[in-house]
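*Asks:* Return a 3D structure for these sequence lines:
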Amino acid sequence: MAKKEIIDSITMERAITRITYEIIERNKDLEKIVLIGIKTRGVFLAQRIQERLKQLEHLDIPMGILDTKPFRDDRKVEEEDTSEIDVDITGKDIILIDDVLYTGRTIRAAIDGLVVLGRPARVQLAVLIDRGHRELPIRADYVGKNIPTSQEEEIIVEMEEFDDENRVLIRQEEE
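*Replies:* The predicted model follows:
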């Protein structure tokens, strides 16, 4: 399996900053926003967006961590819910944040997990990478980079907090 870097650390940080500016532009009342990072790397992206919002708008936007495993429709085993959402999401504008949008099944599970906690006013989606191949009618409101892929390819997001490096790789079968 050959791996190729398609996004370096600087490009990743620029994409996160661009997503943050788009969130500011599209949300009139930033006080109503709650950022929800989807485990695992979506949490680190949410933390970085939260920090950028603090720098740019001088606001402490609440953030939560959502574990989608208990809400997946493709798992037969009962999973423990390790979500950490300490804010009431009812009536709030939720921004779900994940690293890669692929089939849409993780996002469907995330929405199921959210509605267990309350009834948000609206839910938006921010992703670092949209690679296509949707199986459900889900699209991202904020996209760092669109990277069309084949089904045989894999997108690997590495983040400093978990992988000691910031970059995005594409892995493909060797001929």
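
*Asks:* now G91, what's its secondary structure?
*Replies:* Judged by DSSP: H, G, I helix; E, B strand; the rest coil, the three-state class of G91 is coil.

*Asks:* residues near the closest residue to it other than its chain neighbours, how many?
*Replies:* In space, and not counting its chain neighbours, G91 is closest to A121: 5.2 Å by C-beta to C-beta, 6 or more residues apart in numbering. Just so you know, the C-beta spots here come from the backbone N, C-alpha and C atoms, and that holds for glycine as well. Other residues near A121 come to 12 when the count uses other C-beta atoms under 10 Å.

*Asks:* cool, and the one 3 residues further on?
*Replies:* Residues contacting Q124 under the criterion other C-beta under 10 Å number 17.

*Asks:* And for V116?
*Replies:* The local packing of V116 (other C-beta under 10 Å) involves 10 other residues.

*Asks:* coming back round to it: list the contacts of the residue nearest to G91.
*Replies:* A121 sits next to 32, 91-93 when contact means C-beta atoms under 8 Å, 6 or more residues apart in numbering.

*Asks:* was I right about R108 contacting I138?
*Replies:* Yes: using C-beta atoms under 8 Å, R108 is in contact with I138, at 6.8 Å.
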